[in-house]
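Visitor: Let's see this in three dimensions:
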Amino acid sequence: MTTGKTEKKAGDGFFKRLIHSQLIIPIVALLALVVFNLIADPSFFAITVNQDSTGNSVLSGQVISILNNGSELAILAIGMTLVTAATGGQDISVGATIAVAGSAMLAVLCGGNMHPDTLAAPIIVAFLVGVLVAMVCGAFNGVMVAVFKVQPMVATLILYTAGRSIAAWINNNQLPIIPTDSGFGVFGGFIAGIPIPTPCFIAIACFVIIFLVLKFTNLGLYVQSVGINERASRLNGLNPTFIKWLTFVILGVCVAVAALIKVSRLNTINYQTIASDIEMDAILAVALGGNSLSGGKFNMGSSILGAYIIQFLTTTLYKFNVASAALPAYKAIVVIVLVVLSAPIVRAKLSALWRRIRSPKQAEVEVAK
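Guide: Purely as a prediction, here's the structure:
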């Protein structure tokens, strides 16, 4: 009897912790999508082996597409989570910055020639240039927010508006095309002999790096401290201005990695459509992860999971022939649900409901004793 009672209390405690945990929202969203697709079309989860354009055997299916196409969004969610936690605001310029960084990479690789037969520079050099350009864009946003105290969305609106024009200007408003046999396409495609998309491995590498950084440095603690109470963190010896600026620079690095994948998929760039609206998905991923959009405490794993859930939702909608123009409307519904579920009053009512549900069971146990 004692063992059963102990197990019951442990189960009740786990459920209570889960309700108040940041993971509850992404877990519920993930389960809802899985159940919906299992009922509507069980073949959604089928994974097959097919041949790609180069003749390699690769995995394909909706699940693989989610992991593949969600990689860029998950990488962006890393930087967006830090920016949100430190500043209580979001960077809406990441899509435009991807265009700028991608254009810079292509300019280096093509060397001014729009249709080169060979690469004008090593890929690693082009990538480092893209990283530098994206970090400069992030640093600019960081200065506007941290030094000049401009609201993050207002500050990043500058690059959001001008970024794609800057990207077009870098290559004289032309569309450089990388030779398909250059090896550049592997970053957005497949490595020969490996059936799993390369972006999945790039994303995993980014996840490992950020988790090691958060584990073995005080970055996470400092970011949360500044986000919770900037004045108190300053009194404790921190430099809120630098920490806020640093989060935007880190986001810039994430943007450069996403740009590498995006540009590599097609070996070219379309300045106006590349990564269109991806900043909204990145912000939604942070919110779906249960993180407060007003800053403070954050859970990086939840944000990454949220990014893949957003891609899961997008893939599901495309699977059922929802027009791309209608996607924002469906995502808006998700935002409304998230805002409601994340409200403290709603979580408190859920906890109260659970207590009412288990009270009759507790009374039966008492009578049995």
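Visitor: In the stretch of helix or strand L212 belongs to, which residues are buried?
Guide: Using DSSP states H and E, L212 sits in helix 198-216. For helix 198-216, burial by neighbour count (16 or more other CB atoms under 10 Å) applies to 198-200, 202-203, 206-207, 210, 214. Any C-beta I mention is one placed from the backbone N, CA and C, and that applies to glycine too.
Visitor: Relative to I269, how far out is N50?
Guide: 27 Å (CB to CB, to the nearest Å).
Visitor: Isn't V186 up against T198?
Guide: Yes. Under the criterion of CB atoms under 8 Å, V186 makes contact with T198 at 5.8 Å.
Visitor: What angle do helix 198-216 and the helix or strand containing V255 make with each other?
Guide: If you go by DSSP H and E, V255 is part of helix 240-266. Note on geometry: by axes from the mean of the first three to the mean of the last three CA atoms, to 10 degrees, helix 240-266 and helix 198-216 are set 160 degrees apart in direction.
Visitor: what's the offset of helix 240-266 from the middle of its chain?
Guide: 11 Å (CA atoms, centre = their mean, to the nearest Å).
Visitor: what's the following helix or strand after it?
Guide: Proceeding N to C from helix 240-266, the next assigned helix or strand is helix 278-288, under DSSP H and E.
Visitor: Kindly calculate the angle that that next one makes with helix 240-266.
Guide: 120 degrees.
Visitor: which residues make contact with helix 278-288 from outside it?
Guide: 25-26, 29, 72-74, 76-77, 80-81, 84, 90-95, 98, 160, 258, 293, 298, 302-304, 306-307, 309-311, 314, 328, 331, 334-335, 338-339, 342 (CB atoms under 8 Å, 6 or more residues apart in numbering).
Visitor: switch the cut-off to 6 Å
Guide: 26, 73, 76-77, 80-81, 84, 90, 92, 94-95, 293, 303, 306-307, 309-310, 338 (CB atoms under 6 Å, 6 or more residues apart in numbering).
Visitor: next one: phi and psi at the closest residue to N236 other than its chain neighbours?
Guide: Closest residue to N236 apart from its sequence neighbours, by CB to CB, 6 or more residues apart in numbering: S225 at 7.2 Å. Backbone torsions of S225, given as degrees, to the nearest 10, read phi -60, psi -50.
Visitor: Kindly provide the distance from the closest residue to V150 other than its chain neighbours to L76.
Guide: Once flanking residues are discounted, V150 sits nearest to M144: 4.7 Å by CB to CB, 6+ apart. Distance of M144 to L76, computed by CB to CB: 19 Å.
Visitor: buried sites along stretch 143-151?
Guide: Buried, per 16+ other CB under 10 Å, within stretch 143-151: 143-146, 150.
Visitor: out of these, who's nearest N218?
Guide: A146 (18.3 Å; CB to CB).
Visitor: hang on, that closest one packs against K244?
Guide: Yes. Counting by CB atoms under 6 Å, K244 is a contact partner of A146 at 3.9 Å.
Visitor: roughly how far out does stretch 225-237 sit from the chain middle?
Guide: For stretch 225-237, the distance to the chain centre is 26 Å (CA atoms, centre = their mean).
Visitor: can you list contacts of it?
Guide: 85-86, 240, 243, 295-296.
Visitor: ditto for stretch 318-336
Guide: The contact list for stretch 318-336 (CB under 6 Å, 6+ apart) reads L317.
Visitor: and it, C-alpha only, in PDB?
Guide: Extracted in PDB, the C-alpha atoms of stretch 318-336 (Å, rounded to 0.1, in the frame of the first residue of the first chain):
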ATOM      1  CA  TYR A 318       2.000  21.600 -47.600                       C
ATOM      2  CA  LYS A 319       1.200  17.800 -47.500                       C
ATOM      3  CA  PHE A 320      -2.500  18.700 -47.400                       C
ATOM      4  CA  ASN A 321      -2.100  21.200 -50.300                       C
ATOM      5  CA  VAL A 322      -2.500  24.400 -48.300                       C
ATOM      6  CA  ALA A 323      -1.300  27.300 -50.400                       C
ATOM      7  CA  SER A 324       1.900  28.900 -49.300                       C
ATOM      8  CA  ALA A 325       0.100  32.300 -49.100                       C
ATOM      9  CA  ALA A 326      -2.200  30.900 -46.500                       C
ATOM     10  CA  LEU A 327       0.600  29.500 -44.200                       C
ATOM     11  CA  PRO A 328       0.900  32.700 -42.100                       C
ATOM     12  CA  ALA A 329      -2.800  32.500 -41.200                       C
ATOM     13  CA  TYR A 330      -2.400  29.000 -39.800                       C
ATOM     14  CA  LYS A 331       0.800  30.000 -38.000                       C
ATOM     15  CA  ALA A 332      -1.100  33.000 -36.500                       C
ATOM     16  CA  ILE A 333      -3.500  30.600 -35.000                       C
ATOM     17  CA  VAL A 334      -0.600  28.700 -33.400                       C
ATOM     18  CA  VAL A 335       0.700  32.000 -32.000                       C
ATOM     19  CA  ILE A 336      -2.600  32.800 -30.400                       C
END
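Visitor: Thanks a lot, see you next time.
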